[in-house]
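Visitor: Provide a 3D model corresponding to the input given below.
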Amino acid sequence: MEAYTIFRDLAILVIAAKFFGLVARKCKAPQVVGEIVAGLLIGPGVLGLVDQSQFITQMAEIGVVLLMFSAGLGTNLKELKKTGPAALLIACCGVFIPLVLGAIFYGCYYGFSPFGSMGFYKGVFIGTIMTATSVSITVSALKEMGKLQTHVGQTILSAAIIDDIIGIMVLTFVIGLKDPEMKPLIVVVQTFLFFVFSLVFGFISYKIFKKVDKRYPHTQRIPIAGLAYCFALSYIAEHYFGIADITGAYFAGIILCSIKDSDYIAEKMDINSYMLFGPIFFASIGLKTDLDDMTLPLLGFSIGFVLVALLAKIIGCGLAAKICKFNFWDSLKIGVGMMTRGEVALIVSQKGLSAGLIEPIYFTSVILLIIVSSVATPIIMKLLFHKSEQLAK
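Guide: Predicted coordinates for the structure are as follows:
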């Protein structure tokens, strides 16, 4: 492929994403729904106008990093402290319930295997894929509705970050079960060290940014430095600690959310995200879908896989929220908000493929889960907020 064809792909992708985003808004649905549908239509699964190239994949990764950085910048630290214990319980239940139900579903569909057999490891890994939560789409929908900084919004965001960390630990542990040479405890140490690093490095960074912001308030150097800091912490998290880059980006936003010009940084980030990186990220979810390998048995498995994965998150996270004394509607919002899957599920699947725990054909099931959850979650969230507001009147 010629290098300049990326401009053609970007033109098609951005125009299609924005057009269908506007159509979705006209239909009273969140814009991200239209952007995902746009990717599905122009991708190899339907019209084949744009392929999921490495360049688009990398651009999409920048998009999700910027989105999570903006979410961190918009975080209310006082509210985050309040939601901390509840978010931890919600995240733990949001990992445990899907893990168990996913393994049981695989056993019901293909037969239960004894402990230590390949069938057992595959079943557990199917459950591991279901543990992954991608909060990016929920964050975008919450921001669009102006609900991100509510108690429910901050709880979902906090729980998803904790869920991501626990999910990585579960992934490492499951792979370690199959490969005796792997040491699952290493990931626990790496996670702990990342938090220590974030606290120390974050405190120093905050002091520096606060001083620079005081001396050069509301200047372009502040958001530029903030963007570089976001990318740096994303790289450090992934490369040195084995933590997802979006977690590093979110922590970067949290560290900078208390400086005076945090809103100014967020404003500049939103421009980049809205015009280019955001549409590419959401449309890339649709681009990954290829229905050519779909067979009837795989379709049956995929439908069951999607239903179990969605319900497991709603049940696990919703019940945990109820235990934490959220009312019924808020518990349901939290459960639905946690059921989105995205890049984390694909990363987990890729790791399983490398370890021989999953066959390539199951990527269709994972992508179907990502599309269904990505499209359904913003719509259901919007309906739930509207319903609870009507009841409150």
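
Visitor: CA atoms only: put stretch 200-215 into PDB for me.
Guide: The C-alpha coordinates for stretch 200-215 follow below in PDB (Å, rounded to 0.1, in the frame of the first residue of the first chain):
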ATOM      1  CA  VAL A 200       6.000   9.800  44.100                       C
ATOM      2  CA  PHE A 201       6.500  10.900  40.500                       C
ATOM      3  CA  GLY A 202       3.000  12.300  40.400                       C
ATOM      4  CA  PHE A 203       3.500  14.400  43.500                       C
ATOM      5  CA  ILE A 204       6.800  15.900  42.000                       C
ATOM      6  CA  SER A 205       5.100  16.400  38.600                       C
ATOM      7  CA  TYR A 206       2.100  18.100  40.200                       C
ATOM      8  CA  LYS A 207       4.400  20.600  42.100                       C
ATOM      9  CA  ILE A 208       6.300  21.400  38.900                       C
ATOM     10  CA  PHE A 209       3.100  21.900  36.800                       C
ATOM     11  CA  LYS A 210       1.500  24.000  39.600                       C
ATOM     12  CA  LYS A 211       4.600  26.200  39.700                       C
ATOM     13  CA  VAL A 212       4.800  26.600  35.900                       C
ATOM     14  CA  ASP A 213       1.000  27.200  35.700                       C
ATOM     15  CA  LYS A 214       1.300  30.000  38.200                       C
ATOM     16  CA  ARG A 215       4.100  31.600  36.300                       C
END
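
Visitor: Report the mean confidence score over it.
Guide: When pLDDT is averaged over stretch 200-215, the result is 91.

Visitor: before we move on, what about stretch 139-149?
Guide: The model assigns stretch 139-149 a mean pLDDT of 79.

Visitor: Quick check: buried residues in that stretch?
Guide: Buried residues in stretch 139-149, defined by neighbour count with 16 or more other Cβ atoms under 10 Å: 139-145, 147-148. (C-beta placed from N, C-alpha, C; glycine too.)

Visitor: repeat for stretch 220-228
Guide: Going by 16+ other Cβ under 10 Å, stretch 220-228 has these buried residues: 222-223, 225-227.

Visitor: Which of those residues fall within helices?
Guide: 222-223, 225-227 (DSSP state H).

Visitor: returning to what we had before: which two from the buried residues of stretch 220-228 end up farthest apart in space?
Guide: Pairwise distances among these were taken by Cβ to Cβ; the largest, 9.9 Å, belongs to Ile222 and Leu227.

Visitor: just to revisit the earlier point, wait, which of the buried residues of stretch 139-149 is closest to Pro44?
Guide: Once Cβ to Cβ is applied, the member of these that ends up nearest Pro44 is Ser140, at 24.6 Å.

Visitor: Give me the spatial nearest neighbour of the closest one, chain neighbours excluded.
Guide: Val32 (5.0 Å; Cβ to Cβ, 6 or more residues apart in numbering).

Visitor: Let me know the helix or strand that that neighbour is in.
Guide: Element membership for Val32, per DSSP states H and E: helix 31-42.

Visitor: Please work out the average pLDDT along the next helix or strand after that helix.
Guide: Helices and strands here follow DSSP H and E; after helix 31-42, the next one along the chain is helix 54-73. Here helix 54-73 scores 85 as its mean pLDDT.

Visitor: Just the buried positions in stretch 18-25, please.
Guide: Of the residues in stretch 18-25, those buried (16+ other Cβ under 10 Å) are 18, 20-21, 24.

Visitor: Run through who's touching that stretch.
Guide: For stretch 18-25, contacts defined as Cβ atoms under 8 Å, 6 or more residues apart in numbering pick out 30-35, 37-38, 41, 279.

Visitor: before we move on, the earlier item: let me know the closest of the ones in helices among the buried residues of stretch 220-228 to Val46.
Guide: Out of these, the member with the shortest distance to Val46 (by Cβ to Cβ) is Leu227, at 34.7 Å.

Visitor: so that closest one touches Met269, yeah?
Guide: Yes: Leu227 is in contact with Met269 according to Cβ atoms under 8 Å; the separation is 7.1 Å.

Visitor: what do the two both touch?
Guide: Common neighbours of Leu227 and Met269 (Cβ under 8 Å, 6+ apart) are Phe69.

Visitor: and Gly111, how many residues sit next to it?
Guide: Gly111: 9 surrounding residues under other Cβ atoms under 10 Å.

Visitor: for Pro85, same thing?
Guide: Count around Pro85 with other Cβ under 10 Å applied: 11.

Visitor: so where does it fall, helix or strand?
Guide: helix 77-110.

Visitor: Look up how far Asp163 lies from the residue positioned nearest the centre of the chain.
Guide: In the chain, the centroid-proximal residue (Cα atoms, centre = their mean) is Ser134; its distance is 1.9 Å. Per Cβ to Cβ, to the nearest Å, Ser134 is found 10 Å from Asp163.

Visitor: got it, and Gly335?
Guide: Taking Cβ to Cβ, one finds Gly335 at 12 Å from Asp163.

Visitor: What lies in contact with the helix holding Val32?
Guide: Contacts of helix 31-42 (Cβ under 8 Å, 6+ apart): 12-13, 16-25, 46-47, 49-50, 137, 140-141, 144, 278-279, 282-287, 289, 371, 374-375, 378-379.

Visitor: low-confidence ranges in the stretch 151-300 of the chain?
Guide: 172, 175-185, 187, 289-293 (pLDDT under 70).

Visitor: separation between the residue of the chain positioned farthest from its centre and Ile222?
Guide: Within the chain, the residue lying farthest from the chain centre (Cα atoms, centre = their mean) is Arg215, at 36.1 Å. For Arg215, the distance to Ile222 equals 10 Å [Cβ to Cβ].

Visitor: Quick one: residues contacting the spatially closest residue to Pro85 that is not a sequence neighbour.
Guide: Sequence neighbours aside, Cys324 is the residue nearest to Pro85 in space, at 7.6 Å (criterion: Cβ to Cβ, 6+ apart). Cys324 makes contacts with 85-86, 89-90, as judged by Cβ under 8 Å, 6+ apart.
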